[in-house]
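Student: let's see this in three dimensions:
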Amino acid sequence: MQIKILFLFLAFLLVACEKKEPELPVFEEQMLLMGTVINISIYGETEQKSQKVFHDLLKDFKYMHVAWSPQNKGSLKRVNNLLPLQAPFSIGPAVQDMIEKATEISIQSEGLFNPAIGKIINLWGFSSKELPTGPPPDKGLIKKILEQNPQMTDLKTTPLSVVSSNEAVQLDLGAYAKGYGVDKAMEYLKSVGVNNVIINAGGDLRAIGSKGSKPWSIGIRHPRGEGVIAGIEIKGDESIFTSGDYERFYDYQGERYHHILDPRTGYPADQTTSVTVLHENAALADAAATALFIAGPENWQRIAKKMSIDHVMLIDKVGKVYVTAKMEKRLNFVNRQSLDMVVVQ
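Tutor: Model prediction:
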């Protein structure tokens, strides 16, 4: 009996004497830019370095906020003013890169991700800071633009120039610019040796490393219920983006009109309430979430395969949850038993 007690006592001393690595502080910064609240959290760096990084990122996001908005007097607004002339004009390297990459993604999505429908988005008023309150746009105006069929493939780029073959093309990169900006910010962070950081832009994020002994984690909002439907832990270097009909919407005479417009009809896509995509690339995750939302429960699997997206959760308008097997393994559902769920390969 004495031997057993001595053994337990020694084991206790061994555990007590083990040195645990102290948790380092997390430095955080918040900014209201690009139409959302951007939270940046850095772990494992000095306060001085973190503050320098925050200062640099604030300048970068301020630039993106102006340059990539169709409303602000920046690069994209200039592009939209010149596109109807249907003559080549000069553009900066960042805008050209965005146009070329967004065009590739648009083709992969069968045109469901289509930043070229800026005129229709503007008709609805979803480009402005304030949400619209009145009736939907005139059907005749929407039809006229749809008949002109603006597509990203109407844009042709050469080194530092672009031209449109369709006067109806106007760019609104709202379903892409945020992800692209997060990717650019992460490139900078890696270049200065920051290895543990999360950039959370209104619930959409990219993260690398961890928060000490704990992974970065996020809750995915329930599109209709209170709180979150599931949580997910980020591993290594990953992005997670959600498109939902609850993000920007208004009610008019008992109907809900949200900002995710189907480029085939010019009206809000009405078969889905939210789509969440997990991918290494934030810009692709951002665009894919929009495309799969529009594809809806009938076609999202086909579009996801064409876009090489294999971590998806889609919730349709009646609350049915469709989730890929890979995504299902990563999600921690709050109340799985209450969900009508289909797991697909």
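
Student: from now on I want contacts and neighbour counts done on CA atoms only, so please keep to that.
Tutor: OK.

Student: run a quick neighbour tally on residue 248.
Tutor: Per other Cα atoms under 10 Å, the neighbour tally for residue 248 reads 14.

Student: with residue 279 as the reference, measure out to it.
Tutor: Using Cα to Cα, to the nearest Å, residue 248 is found at 24 Å from residue 279.

Student: ditto for residue 31
Tutor: Distance, residue 31 to residue 279, by Cα to Cα: 24 Å.

Student: settle it for me: which of the two has more neighbours?
Tutor: residue 279 (21 against 16).

Student: element containing the residue lying closest to that one once chain neighbours are set aside?
Tutor: Distance criterion Cα to Cα, 6 or more residues apart in numbering; nearest residue to residue 279, sequence neighbours excluded, is residue 239 at 5.3 Å. Using DSSP states H and E, residue 239 falls within strand 237-244.

Student: so what strands line up beside that strand?
Tutor: As defined by DSSP bridges, the strand partners of strand 237-244 come to strand 204-208 (antiparallel), strand 272-279 (antiparallel).

Student: can you put those in TSV and add mean pLDDT and distance to residue 217?
Tutor: Below are those laid out as TSV (pLDDT from 0 to 100; distance: least, Cα to Cα, whole Å):
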stretch	mean pLDDT	distance to residue 217
strand 204-208	97	9
strand 272-279	98	13
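
Student: including distance to residue 156, could those strands go into TSV?
Tutor: Formatted as TSV, the strands paired with strand 237-244 follow (distance: least, Cα to Cα, whole Å):
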stretch	distance to residue 156
strand 204-208	31
strand 272-279	28
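
Student: show me what the residue nearest to residue 279 is bridged to.
Tutor: residue 206, residue 279.

Student: so what's it up against?
Tutor: Neighbouring residues of residue 239 by Cα atoms under 8 Å, 6 or more residues apart in numbering: 204-207, 278-282, 285.

Student: now with 6 Å?
Tutor: 205-206, 278-280, 282 (Cα atoms under 6 Å, 6 or more residues apart in numbering).

Student: ranges for the helices of the stretch 151-300 of the chain?
Tutor: Along the stretch 151-300 of the chain, the segments classed as helices by DSSP state H, counting those that start in this stretch run 177-191, 282-306.

Student: circling back to that earlier point, which among the strands paired with strand 237-244 is found nearest to residue 91?
Tutor: Taking Cα to Cα, strand 204-208 is the member of the strands paired with strand 237-244 nearest to residue 91, at 27.9 Å.

Student: part of a strand, is residue 81?
Tutor: No: assessed with DSSP: H, G, I helix; E, B strand; the rest coil, residue 81 is helix; it does not lie in a strand.

Student: any idea how many residues pack against it?
Tutor: 11.

Student: repeat for the one 10 residues further on
Tutor: Burial measure for residue 91: 19 neighbouring residues, criterion other Cα under 10 Å.

Student: same question for the one 4 residues further on.
Tutor: Residues within reach of residue 95, counting by other Cα under 10 Å, total 18.

Student: need the contacts of residue 239 in JSON lines (columns: distance to residue 88).
Tutor: Shown next, in JSON lines, are these (distance: Cα to Cα, whole Å):
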{"residue": "205", "distance to residue 88": "36"}
{"residue": "206", "distance to residue 88": "35"}
{"residue": "278", "distance to residue 88": "37"}
{"residue": "279", "distance to residue 88": "35"}
{"residue": "280", "distance to residue 88": "34"}
{"residue": "282", "distance to residue 88": "30"}
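
Student: what is the nearest of those to residue 229?
Tutor: residue 278 (15.6 Å).

Student: quick one: contacts for the closest residue to residue 92 other than its chain neighbours?
Tutor: Counting by Cα to Cα, 6+ apart, residue 92 lies nearest to residue 160, which is 6.0 Å off, once chain neighbours are set aside. Residues counted as contacts of residue 160 (Cα under 6 Å, 6+ apart) are 90-92.

Student: do that again at 10 Å, thanks
Tutor: 88-97 (Cα atoms under 10 Å, 6 or more residues apart in numbering).

Student: all strands for the stretch 1-150 of the chain, in order.
Tutor: Using DSSP state E, counting those that start in this stretch, the strands of the stretch 1-150 of the chain run over 26-33, 36-43, 89-90.

Student: packed most tightly, which of the ones you listed would that be?
Tutor: Of the strands of the stretch 1-150 of the chain, the one with the most neighbours on average (mean count of other Cα atoms under 10 Å) is strand 36-43, at a mean of 20.

Student: who does that strand pair up with?
Tutor: Here, using DSSP bridges, strand 36-43 pairs with strand 26-33 (antiparallel), strand 197-201 (antiparallel).

Student: would CSV of the ones you listed with distance to residue 317 be doable?
Tutor: Output for the strands paired with strand 36-43, formatted as CSV (distance: least, Cα to Cα, whole Å):
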stretch, distance to residue 317
strand 26-33, 31
strand 197-201, 25
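
Student: adding distance to residue 177 and mean pLDDT, write these out as TSV.
Tutor: Shown next, in TSV, are the strands paired with strand 36-43 (distance: least, Cα to Cα, whole Å; pLDDT from 0 to 100):
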stretch	distance to residue 177	mean pLDDT
strand 26-33	12	96
strand 197-201	12	97
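
Student: quick one: closest of those to residue 124.
Tutor: strand 26-33 (22.0 Å).

Student: ok, the most centrally placed residue in the chain - contacts?
Tutor: Computing the C-alpha centroid of the chain and ranking residues by Cα atoms, centre = their mean puts residue 286 first, at 3.4 Å. Neighbour list for residue 286: 113, 174-180, 204-205, 239-243, 276-279 [criterion: Cα under 10 Å, 6+ apart].

Student: thank you kindly, that will do.
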